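Asker: Please work out how this folds:
(chains A, B, C and D)
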Protein chains: 4
Amino acid sequence: MAKPTINVCLIGQKFMGRTHSNAMLKVAKFFDLPLIPVMHTIVGRNKAELDEFRERWGWKNATTDLKGAVNNPEIGLVDVGTPNNVHAEHTIMALEAGKHVSCEKPLAGSLSEARQMRDAARKAKGKTFVWYNYRRVPAVALAYQFARAGKLGRIYHVRAAYLQDWAGPDVPLIWRFQKSVAGSGSHGDLNAHIIDMARFITGDEFTEIVGALAETFIKERPVPESGSKGGIAGGASGSAKMGKSDVDDAMLFLARMKSGAVASFEATRQATGNQNANRIEINGDKGAIRFNFEDMNHLEFYDATLPRKQQGWTNIMVTHGGDHPYVANWWPDAHIIGYEHGFINQLADMMKVLGGKVPEVPLPDFEDAYKTQLVLEAAMQAAEQRRPVKLSELPQ
Amino acid sequence: MAKPTINVCLIGQKFMGRTHSNAMLKVAKFFDLPLIPVMHTIVGRNKAELDEFRERWGWKNATTDLKGAVNNPEIGLVDVGTPNNVHAEHTIMALEAGKHVSCEKPLAGSLSEARQMRDAARKAKGKTFVWYNYRRVPAVALAYQFARAGKLGRIYHVRAAYLQDWAGPDVPLIWRFQKSVAGSGSHGDLNAHIIDMARFITGDEFTEIVGALAETFIKERPVPESGSKGGIAGGASGSAKMGKSDVDDAMLFLARMKSGAVASFEATRQATGNQNANRIEINGDKGAIRFNFEDMNHLEFYDATLPRKQQGWTNIMVTHGGDHPYVANWWPDAHIIGYEHGFINQLADMMKVLGGKVPEVPLPDFEDAYKTQLVLEAAMQAAEQRRPVKLSELPQ
Amino acid sequence: MAKPTINVCLIGQKFMGRTHSNAMLKVAKFFDLPLIPVMHTIVGRNKAELDEFRERWGWKNATTDLKGAVNNPEIGLVDVGTPNNVHAEHTIMALEAGKHVSCEKPLAGSLSEARQMRDAARKAKGKTFVWYNYRRVPAVALAYQFARAGKLGRIYHVRAAYLQDWAGPDVPLIWRFQKSVAGSGSHGDLNAHIIDMARFITGDEFTEIVGALAETFIKERPVPESGSKGGIAGGASGSAKMGKSDVDDAMLFLARMKSGAVASFEATRQATGNQNANRIEINGDKGAIRFNFEDMNHLEFYDATLPRKQQGWTNIMVTHGGDHPYVANWWPDAHIIGYEHGFINQLADMMKVLGGKVPEVPLPDFEDAYKTQLVLEAAMQAAEQRRPVKLSELPQ
Amino acid sequence: MAKPTINVCLIGQKFMGRTHSNAMLKVAKFFDLPLIPVMHTIVGRNKAELDEFRERWGWKNATTDLKGAVNNPEIGLVDVGTPNNVHAEHTIMALEAGKHVSCEKPLAGSLSEARQMRDAARKAKGKTFVWYNYRRVPAVALAYQFARAGKLGRIYHVRAAYLQDWAGPDVPLIWRFQKSVAGSGSHGDLNAHIIDMARFITGDEFTEIVGALAETFIKERPVPESGSKGGIAGGASGSAKMGKSDVDDAMLFLARMKSGAVASFEATRQATGNQNANRIEINGDKGAIRFNFEDMNHLEFYDATLPRKQQGWTNIMVTHGGDHPYVANWWPDAHIIGYEHGFINQLADMMKVLGGKVPEVPLPDFEDAYKTQLVLEAAMQAAEQRRPVKLSELPQ
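Answerer: Numbers count the residues shown, from 1 in each chain, chains lettered A, B, ... in the order given. Coordinates of the predicted model:
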């Protein structure tokens, strides 16, 4: 008996296009879903690249006609994997066409665009999703479950950092260093993830950014000679000509949360020695958790309710099917999963929601992602205006 | 322009069938190959299970007619994912049919069957491969490259252990606990992997097993009520009836190698706290390496040629495309890969070899795997006969 | 031939009195010194406790007559181990008596007292020292040497945190929670150490505190029933009566340094799971270091000038005599040393300086420690006034 | 009120003489003891070295007259820190003089000497102690307490290794490489420790050595030019003349224990990258422990009785006074202790026993240490005779 299906139109075939295509290829092999995604149409701007991509990944159609594809009545879900500055255009077009929409993070390149998207989602009949994929790393989902089960108690500290080191002075001036395209630098790219993780795990909301510091360490970069080939740094080589980088290389901020917790955040692309150290530590009066994506199959948990003699950081390998979220769908115990599995897990949960079921842990929609965008904006204002900024000052 | 393809017939649709199918699904999406594998026929014994498997994974055909499938002239590669006791039958049939053959490890359940397979391979025109997948974990391939580049120097010690803990007394008497099917317990299952890894990384061969100890901690297990559903422990539940386990739960041995190195090996399924700790440490006079599959994206390297002040274990995250083996085909730096990627990397290398190219690091064929089988056999004899056993005593 | 000696007068016999006495007992057993400290006089307020302390540790004299002891012509070095609010009184008295002076950190409970001490030191003939003991943990001294040797290159980030978790709501209102005695809470106690370490390792100075956040999570604590018995938490038990804690439990701040580096600092006593996590990470364009006092015999070093294939965090066990600072005086390689050894190493260096020799790495004097005090003060003002504070705004 | 005292005569002023002197210097400062050791007489062969040692450490007397010192009626405890081949002579002399005796490990250089010592101890009125100091590392004592409390359950595996790497080919032919003095190489030096630890923690005894492998990697070494200056490698420099090393560089063996547990042991001085990796892992059906001396302030514990979701290795920092053994006598929580503290803890327990009190965890006497010697001997015979050796074959 054939399962119900939903046709997907994916916009964007770079790094994220590849990640999403892989998820669509695999999800129904590993999950028993109420609804199966079908790789219907891939949309992009470069026809030659697009055809090669279609061929490789098995998309049925490839087109540069964005509007036509999005409005195609056969399409049920529009998946937006484009740069931040066109999220609003693409997602609102799809919502107005009555489609379900999933969008890469952050929600938008600016708060006002994000608000437009959130408002469009409120009026639309389609459901919305945002690819905050780290929520669906099993260790992060387990942290969420522990927090919900009261294992952390009253939370004192959230301490999050997303450290990378790929952006040395030789890396060319790709779109990630241009404010007009990216909106911001490490802030929107990396802090967005850890803000979402902090909100997700704690269930708490930010009230104030107390201080913030943005820095562009490398102010001029070589202008790229050739186009981006995907990957974080785009794979482009630089010419002799130099151009100005106008985004933050690093962005740090201190914050307060509704519960009384204090929080610190840092995003940077110059933290030599850290390739993808997306890490968070949360200390409560009953327990604490620690996570670092570079060791993504583990969650560290400190249970302060155990007899003192036995207390310590427990390094939980989050790979036990039946006990740990998502992993029953994958391999035997301790047969490590990776980066791509977070996306597949998310797609599985999206299919569950669209098929009328409950996701393993909550999915972020535009409403939810707008709250993360408020924090991003408040932090940017705090850095620029050199003063504390309350979230209540911003348009809700 | 379409790439050349090769039709694959896979025998076995349990845990390994799933792993291999996933590799075939993904390999051409991530690697640029001279030859593309086509998922042509899946062979098994249970028609209902098989049809579901075909449907889910996208195999074109499913059949219980083993002979017909293997001899089908459309098939170019026969991939054997069945239990050890039928490896000889299945691979020899395929070799005699003129096919290329890949076989799950260990080569066979007994030395004499392994020798028949090796001999059949010598006479056949098809190429042979054995799924010692851990060779193609990037960190293990890097260890191989370091050793070849002389970074270890004269090797003193090989210290390998493959520790699991899934086989408590409640786990039912599945095929893995039956000598007639599995040949041995943890020894053939786990020691096989670390013997191959030791031979691969060092390029050295064993000369003598000096002492060996086999133990069956849990001598009786509940007879399974239902059939295995894949996974290591088979997912079966046990009945009230007890049956005898006649394989080793744990097998330890001490050995000498041609170069003068001494080696220790341990395989066990009762090492509480270790879910899949496939680990190896090699100490040479110029350097040392350490690997643990539970942290598979890292290789630890100790460079004893650095100034003493700077010496220490360097935890290399083996995820830098262009520098580390295989990873340029995957995700950006430090975007973790997992268990399944070893299989996909191996399939890519097999396609390279069959397409006339050079694999990233050497692939084990039946000739090579027979040498691992000799070590397994010598260790078993040493344990049973309670005496040192030289490899030269065994049929070469 | 007897070595020259110097008579020491130690003021304070609590936790720090014990630490310093141990250093004086051991230093000449392990180091070949130009000058030997003699345990001449211990000064305190409680005569009974003092006599017991003298007896146990082997001080020649014990007295409650502070002035007499400090001015005793036999005394060469006055060592001040009292609470922060009396540092100025005790050290200035000793400097005016022409003595050498060593003082526990932070320099003082307030900036103006610290300045008075610094000014007194400028006019005095005695030398001054401050017990920023972590400089003399071998791993931290090695980090200093690496930075001086150019192994970090241009520094982008300093990321320091000193996390403890002993101050739950049941811990009574000891002096550490009283602003009038301690000056501040975790800030002066813990941030003082990591500010000094950051300045020491980088050789750089702070220019601005960009944002700061102070929080008192536990606003009321039980009034102690009995006196402090030493140790961090004082060992006192609490009564039913509650009193107000008026110091920071946690203090976080963001800063800029002269070189262009950005820095973040955090001190807290409620970071569940961290007992004494004094940690610092410094990322430069040529390399990076990481240190955590909970693993104090190691320094992690990332050498970004190695071939990319070999790059990783090297966990250097800083215990190799002849290569690593201080350890030739202790035990064989990897025979771990502990907390107390930092103090003994410092005392050895103080004796070297007073005996006309060069210390292994630079010692902080009052001049130096005043610069740390400026950072502490600027951060406190930034937190209170909710604005960035430049160090140049403060009295130099 | 003065505490009772006991006069100590220490024989040997090299590495161990220094370690024991430090313990005697410090023990009464940190522990409240029923009996205080007094540093009465140091005995050695080189009068000049001895006088310097006496002066430095504060021994009252120094003499080369061994017999006179041991028989001096003022002496209560004779502490033997000499090489293994004279343990029997020195300890039996002291026992016959009616003294309490403590002896460095292993008990003796040969089984027959060990038996003579054990027999002498049985007849003597003095108490005996052996310096198996690692029992008194707090983490090891905690492992003992956990095992006694049933937290490990039925033990399946003991996996111990003591890995060092100091003995490269340039290290001269000091006494440690001479069988006539040392009895054996790494075996008696290092395996002795881990055999004792295994017996201590499990409370179990060995029944059979199933296989053993001894290897001398470096068969010739430079003859030393100058005398040993203490430390493991003796600090001597080598001449151009070469001499034969006739002890094991490495010794590995496999064993069975009374309870049915299987065990593996390895000692080596050529395990590049491991400076003092004295490590043990014990896997039971209820839990497991892991310890590595290079990280001696931690014990890893795996509690298999917790809900599966929370299971993992808990890294217990064994530094919480009141909960963890010995540490209440030292510094605040997580203020790391080191190698020397194991000796001081042992001396404290010895003083407790001699003062009529109960030690924190059991102390090894000659009776107990003879059982470790039986294991050492059986392993040596198994290696030499290339066959399994039952402990019951040896003189009990």
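Asker: Please make it C-alpha for all contacts and neighbour counts, starting now.
Answerer: Will do.
Asker: Can you give me the pLDDT of the spatially most central residue of chain A?
Answerer: In chain A, the residue lying closest to the centroid (CA atoms, centre = their mean) is residue A:132, at 3.0 Å. Looking at residue A:132, its pLDDT reads 97.
Asker: I figured it was touching residue A:103, is that so?
Answerer: No. Assessed by CA atoms under 8 Å, residue A:132 is found out of contact with residue A:103, at 9.3 Å.
Asker: what about the residue nearest to the centre of chain A, distance to chain C?
Answerer: Counting by CA to the nearest CA, to the nearest Å, the gap from residue A:132 to chain C is 26 Å.
Asker: show me the contacts for that residue.
Answerer: Residue A:132 makes contact with A:104-105, A:193, A:196, A:364, according to CA atoms under 8 Å, 6 or more residues apart in numbering or on different chains.
Asker: For those, work out which two are farthest apart.
Answerer: Greatest spacing in these, by CA to CA: A:104 and A:196 (13.1 Å).
Asker: Just grab the bridge partners of the residue of chain A found nearest chain C for me.
Answerer: Minimum separation of chain A from chain C (CA to the nearest CA) falls at residue A:211, amounting to 4.2 Å. Beta bridges link residue A:211 to residue A:254, judged by DSSP bridges.
Asker: Determine the number of other residues adjacent to it.
Answerer: Residues contacting residue A:211 under the criterion other CA atoms under 10 Å in any protein chain shown number 34.
Asker: what's it in contact with, if anything?
Answerer: Applying CA under 8 Å, 6+ apart, we find residue A:211 in contact with A:253-255, A:379, A:382-383, A:386-388, C:210-213, C:254.
Asker: 7 Å instead, please
Answerer: A:253-254, A:382, A:387-388, C:210-212 (CA atoms under 7 Å, 6 or more residues apart in numbering or on different chains).
Asker: Assign a three-state SS to residue A:291, would you?
Answerer: Here residue A:291 takes the strand state, with states given by DSSP: H, G, I helix; E, B strand; the rest coil.
Asker: go on, residue A:213?
Answerer: Per three-state DSSP, the secondary structure class of residue A:213 is strand.
Asker: Enumerate every residue touching it.
Answerer: Contacts for residue A:213 were tallied using CA under 7 Å, 6+ apart; they are A:251-253, A:383, C:210.
Asker: now residue A:114
Answerer: For residue A:114, the contacting residues are A:88, A:107-108, A:370, by CA under 7 Å, 6+ apart.
Asker: any idea how far residue D:95 is from the residue of chain A closest to chain C?
Answerer: Distance of residue A:211 to residue D:95, computed by CA to CA, to the nearest Å: 72 Å.
Asker: for residue A:323, same thing?
Answerer: As for residue A:323, its distance to residue D:95 is 60 Å (criterion: CA to CA).
Asker: Could you check which of these two has the larger neighbour count?
Answerer: Counted by other CA under 10 Å, residue A:323 and residue D:95 do not tie: residue D:95 has more neighbours, with 25 against 15.
Asker: Find the nearest non-adjacent residue to that one, please.
Answerer: Nearest residue to residue D:95, sequence neighbours excluded (CA to CA, 6 or more residues apart in numbering or on different chains): residue D:124, at 5.9 Å.
Asker: what mean pLDDT does stretch A:239-254 have?
Answerer: Rounded mean pLDDT across stretch A:239-254 is 94.
Asker: cool, stretch A:183-190 as well?
Answerer: On average, the pLDDT along stretch A:183-190 is 94.
Asker: what distance separates stretch A:168-187 from the centre of its chain?
Answerer: Distance of stretch A:168-187 from its chain centroid, counting by CA atoms, centre = their mean, to the nearest Å, is 18 Å.
Asker: buried set for it?
Answerer: Using 16 or more other CA atoms under 10 Å in any protein chain shown as the burial criterion, the residues of stretch A:168-187 that qualify are A:171-179, A:182-187.
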